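**Q** structural data only, the sequence is not supplied:
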């Protein structure tokens, strides 16, 4: 405690403490810590947002049977393998063409079961226009929900009528197809938060999808929700290994596996790259301490004359450097948190995130306690290492050398 008290006393008045050299040290450390904090928050938020959007739109496990399957038979096969299942919902997939206002686009139709879909997927929270109510009025057209990207590209809104075309195999020639046209009413617009979903997905009732693609009561597969989403991979592998090629199971992590793995690696790499800013700031701290040693020759000599050991002198200058680094790191965290708020506002206003590249149109920045601890720990460690050489230099001064010209 004596060393820390003397370190604070050696700063003298606030005017002496906030001199140009010390101020530059603090500013340099603050810039480095703020840059590192914002970068870690962006990467953590990107992974977290991507995980949430995948779970909201896909569920935890996607189980399909080759060709279309009987609903009860399929559920009876897979249910014994899923011990921690909360809920399941059947679905139907079909590829189709959307022809509207002179434009044509390939889309993916998904038929959902309105009675059970909310227990697995969180689609209601992502509806930005209209409502997830797909039951048609008496005598009215079947209803669909369209992705935000489709609505923007084709200029569609709630209440519009859209034209969908699906290719169906002919009755006697399986290799040839006949087009089937269907008209549907737009019940709402969904923002999945993922570019590939928003620009391709159209959702309708499972009964309407089965009738449209003429598959009777058969389904494509099930979406399953678990108590622990991170057990999904093991369960999906167990289903695939037991049933072989007849079943195809995919967990939510596999949907964007490349992006998840790349984000984790890039986060670690970026942490060490941006640490260079903190290391550069530590050189300023070391330089400040060397100057402080020269300016404190007389004080060091007096302390040694009074019996202060070299260890105490080293501790004094080490504490002085760590205090400067801690103030800079604390200021950097405050600046970084402020910049995170600014970034969240700016990405909504100016669409800073190119959705076609990163699969997301926005990121909810996330400052994790572990990241914050790593940043503070690394900054203080670098500051401590930067103080070792100048503190040793100060400890080697002899009492005679410091008092020679007094």
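**A** That came through fine. What you see is a predicted model; the values in this text were computed from it and never measured.

**Q** what values do phi and psi take at residue 156?
**A** Here is the backbone geometry of residue 156 (degrees, to the nearest 10): phi -100, psi 160.

**Q** report the distance from the helix or strand containing residue 319 to the chain centre.
**A** Using DSSP states H and E, the element containing residue 319 is helix 310-350. Helix 310-350 sits 23 Å away from the centroid of its parent chain (Cα atoms, centre = their mean, to the nearest Å).

**Q** what of stretch 114-129?
**A** Centroid separation for stretch 114-129 versus its chain: 22 Å, with Cα atoms, centre = their mean.

**Q** residue 55: neighbouring residues, count only.
**A** By other Cβ atoms under 10 Å, the residues close to residue 55 number 19. C-beta here means a position set from N, CA and C on the backbone, and glycine is covered the same way.

**Q** give the other helices and strands that the helix or strand hosting it contacts.
**A** Here residue 55, judged by DSSP H and E, is contained in helix 20-58. Packed against helix 20-58 by the contact rule (3 or more Cβ pairs under 8 Å, 6 or more residues apart in numbering; DSSP states H and E) you find helix 252-255, helix 257-295, helix 310-350, helix 369-395.

**Q** now it and helix 310-350, what's the angle there?
**A** 50 degrees (axes from the mean of the first three to the mean of the last three Cα atoms, to 10 degrees).

**Q** what are the buried residues along helix 20-58?
**A** With burial defined by 16 or more other Cβ atoms under 10 Å, the residues of helix 20-58 counted as buried are 22, 25-26, 28-47, 49-50, 53-58.

**Q** for residue 287, give me its contacts.
**A** Contacts for residue 287 were tallied using Cβ atoms under 8 Å, 6 or more residues apart in numbering; they are residue 21.

**Q** mind checking how far it is from residue 25?
**A** 8 Å (Cβ to Cβ, to the nearest Å).

**Q** next one: residue 33
**A** Per Cβ to Cβ, residue 33 is found 13 Å from residue 25.

**Q** over to residue 380?
**A** Remark: distance between residue 380 and residue 25 (Cβ to Cβ) = 14 Å.

**Q** joint contacts of these two?
**A** Residues touching both residue 380 and residue 25 by Cβ under 8 Å, 6+ apart: residue 325.

**Q** tally of neighbours for residue 184?
**A** Residue 184 sits with 22 neighbouring residues when counted by other Cβ under 10 Å.

**Q** nearest residue to it in space, please, no chain neighbours.
**A** Distances taken as Cβ to Cβ, 6 or more residues apart in numbering place residue 144 nearest to residue 184, at 4.5 Å, with adjacent residues excluded.

**Q** what's the answer for residue 96, then?
**A** In space, and not counting its chain neighbours, residue 96 is closest to residue 166: 4.5 Å by Cβ to Cβ, 6+ apart.

**Q** residue contacts, residue 54?
**A** By Cβ under 8 Å, 6+ apart, the residues touching residue 54 are 194, 252, 255-256.

**Q** how about the secondary structure of residue 365?
**A** On the three-state scheme (DSSP: H, G, I helix; E, B strand; the rest coil), residue 365 is labelled coil.

**Q** okay, it and residue 328: tell me how far apart.
**A** To residue 328, residue 365 is 22 Å away according to Cβ to Cβ.

**Q** then residue 369?
**A** 21 Å.

**Q** more neighbours: which of those two?
**A** Set side by side, residue 369 and residue 328 show more neighbours around residue 328, with 29 against 7, by other Cβ under 10 Å.

**Q** report the contact partners of the residue lying closest to the more buried one once chain neighbours are set aside.
**A** Spatial nearest neighbour of residue 328, chain neighbours left out: residue 29 (2.7 Å); criterion: Cβ to Cβ, 6+ apart. Contacts for residue 29 (Cβ under 8 Å, 6+ apart) come out as 278, 281-282, 285, 324-325, 327-329, 331-332, 379, 383.

**Q** could you dump the residues you listed to a markdown table with distance to residue 215 and pLDDT?
**A** Shown next, in a markdown table, are these (distance: Cβ to Cβ, whole Å; pLDDT from 0 to 100):
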| residue | distance to residue 215 | pLDDT |
| --- | --- | --- |
| 278 | 60 | 88 |
| 281 | 65 | 85 |
| 282 | 67 | 86 |
| 285 | 70 | 83 |
| 324 | 71 | 85 |
| 325 | 67 | 89 |
| 327 | 68 | 89 |
| 328 | 65 | 91 |
| 329 | 62 | 93 |
| 331 | 63 | 95 |
| 332 | 59 | 95 |
| 379 | 61 | 92 |
| 383 | 67 | 89 |
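
**Q** can you list these in TSV and add distance to residue 72?
**A** As requested, these are exported to TSV (distance: Cβ to Cβ, whole Å):
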residue	distance to residue 72
278	61
281	66
282	67
285	70
324	71
325	66
327	67
328	65
329	61
331	63
332	60
379	60
383	66
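
**Q** tell me which two of the residues you listed sit farthest apart.
**A** Greatest spatial distance among the contacts of residue 29 (Cβ to Cβ): 282 and 331, at 15.4 Å.

**Q** for the residue most central in space within the chain, give its distance to residue 372.
**A** Nearest to the geometric centre of the chain sits residue 46, at 2.1 Å (Cα atoms, centre = their mean). Here residue 46 is placed at a distance of 17 Å from residue 372 (Cβ to Cβ).

**Q** likewise residue 218?
**A** Distance from residue 218 to residue 372, by Cβ to Cβ: 52 Å.

**Q** neighbour count: residue 282 and residue 331, which is higher?
**A** For residue 282 and residue 331, the more surrounded residue by other Cβ under 10 Å is residue 282, and the numbers stand at 26 against 17.

**Q** the nearest residue to that one once chain neighbours are set aside: neighbour count?
**A** In this structure, residue 282 finds its nearest non-sequential neighbour in residue 386, 3.8 Å apart by Cβ to Cβ, 6+ apart. Neighbours of residue 386 under the rule other Cβ under 10 Å: 27.
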